[in-house]
Structures are given as C-alpha cells and as structure tokens.
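With the input below, show me the fold.
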Amino acid sequence: MGVPTATRPDRDCVRRVKPAGNVVVVLVVLAAAFAVTSYVVPRSSRGEAKQEPVAAPVVPAAVATVRHSVVYELLGAHGAQDVTFAAEGSALTQQAQVATPWSAEFTRVGPAGRTEFYSIAARNPGPGELRCRIVVDGVVVAEKTVAEPGRQFSCAV
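Alright, predicted model coming up:
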C-alpha cells in the first residue's frame, strides 16, 4: 500500500492581477479624489467668487396705535335687563339688570386703520321705550329704539 504524496499546486492556476487593471484602479481613485476636493475646498482658494447682491434686512415699521373714547348708553323709563356689551379690549361684559339712564364709558386702544367692533344688547322690561346708543369719539355711530316689553334688541357697529 502506498502513501499518498503531496502535490504542489500549479503556479499558473494562481490568479494574477493584470497590469491594465492596476492602471484603471489608480485612475478611479484619482478621479474620486479630484471630485471630493473640488466640493470640499472653499471657493476662496479656487479664485475670486462672484459677488451676489444681498437684500437689505426687512425691519418692521412701528405700528401706529389709536385711542377711541367709547360710550354705551341705555335710555328708558323702566331700566334694562340682560345687558351685554363689548368693552375695553373687546371683552364681553354682562349685567343682569340696570337702572336707566345707564352708561358705560371706556377707552379702546388698537392699531391704526383697523376696523373696530362696538356692540350693546339689552332686553326691554317695558312698558315704554328703551333706546340704546353707541358714541365713539363724541359721535353717535349707532342708535336703536324698541317699544315692545320683553323684546331683546341691540346696537352694533
């Protein structure tokens, strides 16, 4: 019986990198290095950059404010019930019952040019008329009268 002998591998079977393959790899590495460098290196080192116009910063203008003197009035012989009105800062104010003549006066401050809303509503306990008025800066801007007892009505601008 014989002992198997070791055989040497054939040197021609070993893979060899061809010289042309080395050149291609080197060219690819150089191209990648050039591409990365052209994006990473700042413009100042590549020459003078084009100057683009810069817009001036926008500074908001100061908002002008206006003050309005507002008076709500209820006039009648028997008072008013369920009085609701838009007061200072547009806050709603309510009163269950008031004696007439009745008035509420306040100053409303807001941006110039803004449309302001003024409103008062009440119920006429009757009998007789109940009148509401809204006076802004000394000028009557709304006025309404109701004669039916128990009737809810309003003045608004």
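
immediately after the helix or strand bottoming out on mean pLDDT in the chain, which helix or strand?
Least confident helix or strand, the chain: helix 19-40 with a mean of 67, by mean pLDDT, DSSP states H and E. As assigned by DSSP states H and E, the chain's next helix or strand after helix 19-40 is strand 65-76.

how about that next one: buried residues?
V70, V71, Y72, E73, L74, L75, G76 (16 or more other CB atoms under 10 Å). Using the backbone N, CA and C atoms, a C-beta is placed for each residue, glycine as well.

Confirm for me that C155 is in contact with V136.
No: the criterion here is CB atoms under 8 Å, and C155 misses it with V136 at 11.6 Å.

the more surrounded of those two?
C155 (23 against 16; other CB atoms under 10 Å).

If the more buried one is in a bridge, with which residues?
I120 (DSSP bridges).

Could you report the pLDDT at it?
Listed pLDDT for C155 reads 92.

which residue packs closest to L75, ignoring adjacent ones?
R131 (4.6 Å; CB to CB, 6 or more residues apart in numbering).

do A86 as well
Closest to A86 by CB to CB, 6+ apart is S119, at 4.9 Å.

Who are the contact partners of A121?
A121 is in contact with D82, V83, T84, F85, Q152, F153, S154, C155, counting by CB atoms under 8 Å, 6 or more residues apart in numbering.

doesn't the second one fall inside a helix?
Spelled out, it's V83. No: V83 is assigned strand when assessed by DSSP: H, G, I helix; E, B strand; the rest coil, not a helix.

Count the residues that sit near it.
Count around V83 with other CB under 10 Å applied: 21.

Who are the contact partners of it?
Counted by CB under 8 Å, 6+ apart, V83 has contacts L74, Q94, Q95, A96, Q97, V98, W102, I120, A121, A122.
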